[in-house]
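>>> output the structure for:
(2 chains)
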Amino acid sequence: MERSGAFTNPFESKSKSAKLRRIPLYLLTVVMIAPYYWMITSSFKSVKELQEVPPTFFPKKWITGNYYDTNYNPGMFQQDVLQGLFQRYPDLKFGFFRFIFNSIFVNISITVLTLFIGSLAAYVVSKHRFKGKRIIYLVIIGSMMIPWQVGLIPGFLLMDSFGWLNTFWAYIVPALPKAFIVFFLTQYLSSIPDELVEAARIDGASEYTIYFRIILPLLKPALIAMMIFTAIGEWNNFLWPLIITTSQDMATLPVALANLRNSGAGNIGTQGIIMAASLITSIPTIALYFATQKHFIRGIALSGLK
Amino acid sequence: MLAPFAILFIVFSIYPVLSSLRLSFMRYNAICNPDQAPCGSVGFGNYAQLIFHDDRFHKALSNTGLYVIGAVSLGMLASLALALALQEDTRANRVLRVIFFLPSVTSGIAVVLVWGWVFRGDQVGLLNAFLNIFGIAPIEWLATTWMAIPILIFMSVWGGAGFGMILFLAGLNSIPAMYYEAAVIDGAGPRQRFRYITLPLLRPVMVYVAITGIIGAFQIFEGVYLLFPTSVGSIGGLQDMALMIVPYLYDAGFNKFRLGYASAIAWILFAIIFVVSMINLKISRSLEDLK
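Next up, the predicted model:
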């Protein structure tokens, strides 16, 4: 059946007013882009320029001092010279790179492990028969109705009692069981005929062979969609990392960003550095989005409307 | 093979939820934990305090209610309008779709920090600089009590419209073209086609967008945390103008260390979200029955 896409009646000609009607759309587009434009340009403005009234729309001179200021001398105070982003955090071994590393490490660990564990569970739930399966599946689905903040306080206390506060464990382990992933992958697997799995079992294939050789390849499109969602969601996660980090060195980028802002709050001169950090925090997810756009949009449509 | 997920799920998903329910009936703070006298159980004390006596919580509730209504209704309107405007599959529209979707993948903190600059109260604030062209004196956007909620709503619509748009586009594309063709043959104009084909067939998507939107809006935190700090160790802005449920939960739990009280807030949040979602489903079902 032909899908509508955008239905246009060939007998209702497109008038000029249709084009005019798109003007508000382009104005809105400007509003959408403006914050990104400001983030990028401000991160290359000098402290002096940032303090100007009114603010300059386009940098008079592009400088990289907000990232790394070669004029900066730790022993000497100079007006209009600030520590660049990568010169800050002298107590941390790799300075700002430490936060980038934390974010990347946490992100990759969670994404890989959560998909592995989740797909194993989905395989069992959809292709095995055992007592209590229905109830287990119902509990998993039911848990999605509960906002995650409900478990926030006990989750924090649990991390405390495990001695995991301010460690990577607290970032990674509690983030692994994701009900939505099991739900989504189980739905996806239910469209795959059971005979495929049963035939392999009769041929004497072990469960893990079936999982790796049959299930994983079949799940690939669904796994890619879930991978993108998980990676972007975890990268931008804020409240949980805020709670479990007690020292600077364990912060991920969003937490480091919030701390950076709170430490220099209100001072317009430091805004360039904050925008530089914001830009660095934003680029990876935007890049991932651009690189995987097709999967991404299909994934949203799949997961949202099934 | 189910074991790794099952164990992690029980320890880190189910246990915290049950434990939080238990804590919500306890007094648990910096100086006493629930297993010691004189703390321990307070029955419905936390809930009674929250519901009948806690003015800050009432403020948080009414703020969140206003915010959710504004953000979800305006967000849905914007999403639907964008989906309709960008429905045709042209190159320009594809580019615009990407641009409108961008905020959905951008770090909320980074975005909030830029908006913080836009709404700065002094002359280097971008909005003030813009208004200055027309001779309007600087306005303290973030310190004017009635403006807090509209600003947060604006940020929410800006950030969320693209996501709803994608869902609506998927819904629009799944409507069979022959319905429209049949309607044209019967003499229906664009307005009638929208009213009698597009809108009814989009209803399932609308319900989905509304429910996920409501759930998401109730959980607002980042914007309040960064743009509306009161002073050191509190949250919510001047006269709690931007205090919401989750920021208040954070405040109670991690600034004041009242863990039982914070757990009770979390359960009230769940109850509200649950009831609102159910009402939403019920309404959409009864609308379906009306046909």
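>>> from here on, contacts and neighbour counts on C-alpha atoms
OK.
>>> how about the nearest residue to residue B:140 once chain neighbours are set aside, what does it touch?
Ranked by CA to CA, 6 or more residues apart in numbering or on different chains and with sequence neighbours excluded, the top spatial neighbour of residue B:140 is residue B:121, at 4.0 Å. By CA atoms under 8 Å, 6 or more residues apart in numbering or on different chains, the contact list for residue B:121 reads B:128, B:138-143.
>>> swap in 7 Å and give it another go.
Applying CA atoms under 7 Å, 6 or more residues apart in numbering or on different chains, we find residue B:121 in contact with B:138-142.
>>> packing partners of the lowest-mean-pLDDT helix or strand in chain B?
None of the helices or strands of chain B scores lower by mean pLDDT, DSSP states H and E than strand B:40-41, at a mean of 80. For strand B:40-41, the packing partners by 3 or more CA pairs under 7 Å, 6 or more residues apart in numbering or on different chains; DSSP states H and E come out as strand B:26-27.
>>> now do the SS call for the residue nearest to residue B:140.
Under DSSP: H, G, I helix; E, B strand; the rest coil, residue B:121 falls in the coil class.
>>> and the pLDDT for residue A:12?
For residue A:12, the model assigns a pLDDT of 60.
>>> swap that for residue A:306, please
Confidence score, pLDDT, at residue A:306: 40.
>>> looking at residue 65 now. What's its pLDDT?
Chain wasn't specified; assuming chain A. At residue A:65, the predicted lDDT confidence score is 87.
>>> other chain: chain B
The pLDDT attached to residue B:65 in the predicted structure is 96.
>>> again with the one 4 residues further on
The predicted local distance difference test score for residue B:69 is 96.
>>> same check, this time on residue A:89
We note a pLDDT of 87 for residue A:89 in this prediction.
>>> what's around it, how many residues?
16 (other CA atoms under 10 Å in any protein chain shown).
>>> same check, this time on the one 5 residues further on
For residue A:94, the number of neighbouring residues by other CA under 10 Å comes to 16.
>>> and it, how far is that from residue A:112?
26 Å (CA to CA, to the nearest Å).
>>> just the helices in the stretch 151-291 of chain B please.
B:177-185, B:190-193, B:199-218, B:222-227, B:245-250, B:259-290 (DSSP state H, counting those that start in this stretch).
>>> wait, I meant the stretch 1-150 of chain A
Using DSSP H, counting those that start in this stretch, helices in the stretch 1-150 of chain A cover A:16-20, A:23-42, A:47-50, A:97-127, A:133-143.
>>> determine how far the following helix or strand past the last one lies from the middle of the whole chain.
Scanning the chain past helix A:133-143 towards its C-terminal end, the next helix or strand to appear is helix A:152-162 (assignment: DSSP states H and E). A distance of 24 Å separates the centroid of the chain from that of helix A:152-162, by CA atoms, centre = their mean, to the nearest Å.
>>> host element of the residue nearest the centre of chain A?
Chain A has residue A:232 as the residue nearest its centroid, 2.0 Å off, counting by CA atoms, centre = their mean. Per DSSP H and E: residue A:232 is located in helix A:216-235.
>>> for the closest residue to chain A within the stretch 151-291 of chain B, grab the count of nearby residues.
When scored by CA to the nearest CA, the stretch 151-291 of chain B has residue B:177 as its residue closest to chain A, at 4.0 Å. Neighbours of residue B:177 under the rule other CA under 10 Å: 17.
>>> with the one 3 residues further on instead?
Here the neighbour count serves as a burial measure; for residue B:180 (other CA under 10 Å) it reads 23.
>>> mind listing what it touches?
residue B:193.
>>> did I read that right, residue A:204 in a strand?
No: if the criterion is three-state DSSP, then residue A:204 is coil and not within a strand.
>>> that one and chain B, how far apart?
18 Å (CA to the nearest CA, to the nearest Å).
>>> what does that residue show for phi and psi?
phi 90, psi 20 (degrees, to the nearest 10).
>>> ok, now residue A:88?
Dihedral angles (degrees, to the nearest 10) for residue A:88: phi -80, psi 180.
>>> ok, it - contacts?
Contacts of residue A:88 (CA under 7 Å, 6+ apart): A:95-96.
>>> just how off-centre is stretch B:117-135 within its chain?
Taking CA atoms, centre = their mean, one finds the center of stretch B:117-135 at 27 Å from the center of the full chain.
>>> neighbours of the closest residue to residue A:214 other than its chain neighbours, just the number please.
In space, and not counting its chain neighbours, residue A:214 is closest to residue A:197: 7.6 Å by CA to CA, 6+ apart. Number of residues near residue A:197 (other CA under 10 Å) recorded here: 19.
>>> quick check: what element follows the helix or strand hosting residue B:65 along the chain?
Per DSSP H and E, residue B:65 falls inside helix B:55-85. Counting by DSSP H and E, the next helix or strand C-terminal to helix B:55-85 is helix B:91-105.
>>> low-confidence ranges, the chain, go.
No chain in the question, so chain A it is. Chain A contains residues with pLDDT under 70 at A:1-17, A:265, A:301-306.
>>> wait, chain B
In chain B, residues with pLDDT under 70: B:34-38, B:231-233, B:290-291.
>>> contact residues of it facing chain A?
B:1-2, B:4-5, B:8-9, B:12, B:16-17, B:19-20, B:87-88, B:100, B:105-110, B:114, B:123-124, B:129, B:167, B:170, B:172-177, B:259, B:263, B:266-267, B:270 (CA under 7 Å from any CA of the partner chain).
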